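1. Here is a sequence together with a model predicted from it:
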Amino acid sequence: MHFDWWTLALQTVNFAVLVWLLHRFLYKPVLRMIDARRAEIQRQYDDAKATEDKAKVELAAVEAERAGIAAEREAALKTVAALAQKAAEGRSAQADRDAQALLDGARKTLAEERERALEEARRVALDLGAEIARRFLAEVPMQLRAEAWIERIDQHLKSLPKLELDALTRQFADGSSLIVVTAVPFPPAMREIWRDRLHLIFGDDVTIAFNVNLELIDGAELHFPTAVLRFSWQSAMAVVRSEVGAHANAH
């Protein structure tokens, strides 16, 4: 059996070239992609940590303000008590009236300051909740979010009384369009899915257009010619804010 050293040498060179090509055009790009993804994850983690630290600082400031209000209240009550004692000792009707007026003023001021502090705390909490929600939703694939929202919209429309649904459908009799406003842009395939679902409810003759409003945070709105159906986080947060405001006013 004859052993060809030239063949072995050529095969060795071919193998070395193949290894070099794989290292240059496959292994290094894959490593760069992995490093880029690791850097992006670290950046998102750092952003979330910064938001958490900011929330802690703001909550600490609110707590400090509340502590200051409590100290002022204590000082005001001591002052009022001293004036009341003086009025009792002197049996002066004018001193009694002054003490009562000071007490009422102190109570009113403390109540107003307490309400302002609580209102600010509520606002900070709601804004922080919205920001955290926006960041977490950004990690959820857009397709899953879109499917969940069209399912919710579909169920809501199908649950409407027939007279109400017919009234919405009649708004398109003059050729008006249904505008679907979403929090993020939809790719063409997803838009077609939404059109098909909405056509099953309102009919194939209805023109459906899409628009984007980033302030919705997540979800969608259906804009009819004379009505708007809201299915967004923005509308949910608005309801929460109004409920918190109504609760604060009740107290």
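-> Sure, I can see it.

2. what comes up buried for the helix or strand containing Asn14?
-> Secondary structure from DSSP states H and E places Asn14 in helix 5-22. Buried residues in helix 5-22, counted by 16 or more other CB atoms under 10 Å: none are found. C-beta here means a position set from N, CA and C on the backbone, and glycine is covered the same way.

3. Average pLDDT for it, rounded please.
-> Mean pLDDT, computed over helix 5-22, is 76.

4. Which elements pack onto it?
-> In terms of contacts (3 or more CB pairs under 8 Å, 6 or more residues apart in numbering; DSSP states H and E), helix 5-22 is not packed against any helix or strand.

5. what angle do whichever helix or strand comes after that helix and helix 5-22 make?
-> Downstream of helix 5-22, the next assigned helix or strand under DSSP H and E is helix 28-90. Relative orientation of helix 28-90 and helix 5-22, computed by axes from the mean of the first three to the mean of the last three CA atoms, to 10 degrees: 20 degrees.

6. So for helix 28-90, mean pLDDT?
-> If you average the pLDDT values across helix 28-90, you get 72.

7. Output the contacting helices and strands for that helix.
-> Partner elements for helix 28-90 (3+ CB pairs under 8 Å, 6+ apart): helix 93-138.

8. pretty sure Leu178 is in contact with Ala220, am I right?
-> No: with contact defined as CB atoms under 8 Å, Leu178 does not count as touching Ala220 (11.5 Å).

9. The two: which is more packed in?
-> Neighbour count, other CB atoms under 10 Å: between Leu178 and Ala220, Ala220 has more, with 26 against 21.

10. Okay, and that one sits in which element?
-> strand 219-223.

11. by contact count, what packs against that strand?
-> Checked by 3+ CB pairs under 8 Å, 6+ apart, strand 219-223 has helix 142-159, strand 177-182, strand 228-232, helix 233-250 packed alongside it.

12. So what are the sheet partners of it and their directions?
-> Partners of strand 219-223 in the sheet, by DSSP bridges, are strand 177-182 (antiparallel), strand 228-232 (antiparallel).

13. With distance to Arg97 and mean pLDDT as added columns, please give those in TSV.
-> Shown next, in TSV, are the strands paired with strand 219-223 (distance: least, CB to CB, whole Å; pLDDT from 0 to 100):
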stretch	distance to Arg97	mean pLDDT
strand 177-182	61	95
strand 228-232	54	90
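
14. Rebuild those strands as CSV, extending it with distance to Asn213.
-> Shown next, in CSV, are the strands paired with strand 219-223 (distance: least, CB to CB, whole Å):
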stretch, distance to Asn213
strand 177-182, 5
strand 228-232, 8
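
15. Which of those has the highest mean neighbour count?
-> strand 177-182 (a mean of 19; mean count of other CB atoms under 10 Å).

16. Can you check what angle separates that strand from helix 142-159?
-> 130 degrees.

17. helices or strands up against the next helix or strand after strand 177-182?
-> Toward the C-terminus, strand 177-182 is succeeded by helix 188-202 as the next helix or strand (DSSP H and E). The helices and strands touching helix 188-202, judged by 3+ CB pairs under 8 Å, 6+ apart, are helix 142-159, helix 162-170, strand 177-182, strand 207-212.
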